[in-house]
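Trainee: Sequence plus the predicted model coming up.
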Amino acid sequence: KQEVTQIPAALSVPEGENLVLNCSFTDSAIYNLQWFRQDPGKGLTSLLLIQSSQREQTSGRLNASLDKSSGRSTLYIAASQPGDSATYLCAVRAKLNSGYSTLTFGKGTMLLVSP
Amino acid sequence: DTGVSQDPRHKITKRGQNVTFRCDPISEHNRLYWYRQTLGQGPEFLTYFQNEAQLEKSRLLSDRFSAERPKGSFSTLEIQRTEQGDSAMYLCASSLATSTEAFFGQGTRLTVV
């Protein structure tokens, strides 16, 4: 059974710092990995999608890397801003026993960026 | 199309009542997923539709839960005889294919009192 772990569970940084969020997964047989942002009481906003054949993806101040063989991904946020405060979720898409696929999520990292 | 839409955004119900949620996916997306998220946890998979066919159901989906996608467009999730343990955020997602990005709605927050 696929399990996804995110470290740290919570992170508090001053504005302007660069930071790294970590995600690990137990089964490397994945189709892709997706990073999401979730604001309190809201749905999920997709940030980056990395296919299993890719090593990294970039969008603005965000960079996500994937090492499928070791079961790890990192989300790098450059020059953090208070507006980045949210919970960041990592999810892997993998095949179920039935042959279909779904996303398996970690519990998230709660980020607080203080002015 | 503005994305995945869920209705209602919030629902408060008494224990034992039935509730129904609706999800409208992105129009060209044939894959639709329901997830449940409790406080402090990541979303957990409930069920999956490809077009109108329900192809996968999690063990979390007890007999009191039923989902439909009658014409391969919008989907409904019904919970019968609600229990306090059903209180959670119910999230709907859609995608075009297995390899493509999944987009989520804003969720329906259910509170059972």
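Mentor: Good, I have the coordinates.

Trainee: From here on, just use CA atoms for contacts and neighbour counts.
Mentor: Fine.

Trainee: which residues of chain B score low on pLDDT?
Mentor: For chain B, the stretches flagged by pLDDT under 70 are B:1, B:98.

Trainee: which residues sit in contact with residue B:7?
Mentor: B:21, B:22, B:23, B:107, B:108 (CA atoms under 8 Å, 6 or more residues apart in numbering or on different chains).

Trainee: Apply 10 Å and report the result again.
Mentor: B:20, B:21, B:22, B:23, B:24, B:76, B:105, B:106, B:107, B:108, B:109 (CA atoms under 10 Å, 6 or more residues apart in numbering or on different chains).

Trainee: Who is the fifth one paired with across the strands?
Mentor: The one in question is residue B:24. residue B:5 (DSSP bridges).

Trainee: mind checking how far it is from residue B:33?
Mentor: Residue B:24 sits 11 Å away from residue B:33, going by CA to CA, to the nearest Å.

Trainee: hmm, back to that, among the contacts of residue B:7, which are located in helices?
Mentor: Among these, no member falls in helices (DSSP state H).

Trainee: in its sheet, what does the helix or strand harbouring residue A:48 sit against?
Mentor: In this assignment (DSSP states H and E), residue A:48 forms part of strand A:44-51. Sheet pairing of strand A:44-51 (DSSP bridges) gives strand A:30-38 (antiparallel).

Trainee: average model confidence for the strand it pairs with?
Mentor: Taken as a whole, strand A:30-38 has a mean pLDDT of 95.

Trainee: got the CA coordinates for that strand in PDB?
Mentor: C-alpha atoms of strand A:30-38 as PDB (Å, rounded to 0.1, in the frame of the first residue of the first chain):
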ATOM      1  CA  ILE A  30       4.000   6.100  -9.700                       C
ATOM      2  CA  TYR A  31       2.600   7.800 -12.700                       C
ATOM      3  CA  ASN A  32       3.300  11.300 -11.400                       C
ATOM      4  CA  LEU A  33       3.500  13.500  -8.300                       C
ATOM      5  CA  GLN A  34       1.600  16.600  -7.700                       C
ATOM      6  CA  TRP A  35       2.000  19.400  -5.200                       C
ATOM      7  CA  PHE A  36      -1.000  21.300  -3.900                       C
ATOM      8  CA  ARG A  37      -1.700  24.300  -1.800                       C
ATOM      9  CA  GLN A  38      -4.700  24.400   0.600                       C
END
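
Trainee: Name the nearest residue to the residue in chain B positioned nearest to chain A, ignoring sequence neighbours.
Mentor: Using CA to the nearest CA, the single residue of chain B nearest to chain A is residue B:106, 3.8 Å away. Using CA to CA, 6 or more residues apart in numbering or on different chains and skipping residues adjacent in sequence, the residue nearest residue B:106 is residue A:43, 3.8 Å away.

Trainee: check contacts around the one you found.
Mentor: Per CA under 10 Å, 6+ apart, neighbours of residue A:43: A:36-37, B:6, B:89-93, B:103-108.

Trainee: With residue A:66 instead?
Mentor: So residue A:66 contacts A:23-24, A:32-33, A:50-57, A:72-75 (CA under 10 Å, 6+ apart).

Trainee: Can you give me the end-to-end span of stretch A:92-100?
Mentor: Per CA to CA, stretch A:92-100 runs 13 Å from first to last residue.

Trainee: How about it, which residues are buried there?
Mentor: A:92, A:93, A:94, A:95 (16 or more other CA atoms under 10 Å in any protein chain shown).

Trainee: Show me which of those residues has the smallest pLDDT value.
Mentor: Among the buried residues of stretch A:92-100, residue A:95 has the weakest pLDDT, 82.
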